[in-house]
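Trainee: Take a look and give me a structure for this.
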Amino acid sequence: MDKIFDEMLSLYTHPGVIVGLGVELAIIGLFMLAFQAWRNSSFMVFFEMFFEKIFEFFEDILGAEEKRWTKMYITLLFFIILFSNILGSFLEFFLNIFGHELEYFIKIPTADINFNVAMAVI
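Mentor: All right, here's what the predicted structure looks like:
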């Protein structure tokens, strides 16, 4: 039992995991600061308008009596899949310009079977 616990603990204390968490927290912090700095910019107004329209679309499908967090969750899943597909389109365009060496550094999220299975399970 101790060996299993040690192996699981070593997975989470691996330097790559710790650095990855730090990078994710830094990106989230930068997004929060950017949101505060550019709160009334045209991009943020457009994004909020787009988000509200998508939210209203899912509200029409699910009904007004459905809980708000369910509609918010489905809307966020929509944006995750949308941005993953947009990222894939941009990367396909840039691969033709910069060559396929870029493919080793940045992967298209929807090209990975794990992403698709996770979205299907959710």
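
Trainee: could you give me the average pLDDT of stretch 86-98?
Mentor: The average pLDDT within stretch 86-98 is 80.

Trainee: pLDDT weak spots in this structure?
Mentor: 1-2, 5-17 (pLDDT under 70).

Trainee: Go through it and flag its longest helix.
Mentor: helix 68-98 (DSSP state H).

Trainee: Just list the residues touching the residue positioned nearest the centre of the chain, thanks.
Mentor: Compute the mean C-alpha point of the chain, and by Cα atoms, centre = their mean the closest residue is residue 80, 4.8 Å away. By Cβ atoms under 8 Å, 6 or more residues apart in numbering, residue 80 lies in contact with residue 119. Where C-beta positions appear, they are placed from N, C-alpha and C, glycine not excepted.

Trainee: hang on, the earlier thing: next secondary structure after the longest helix of the chain?
Mentor: helix 113-121 (DSSP states H and E).

Trainee: Which positions within that following helix qualify as buried?
Mentor: Judged by neighbour count using 16 or more other Cβ atoms under 10 Å, the buried positions of helix 113-121 are residue 115.
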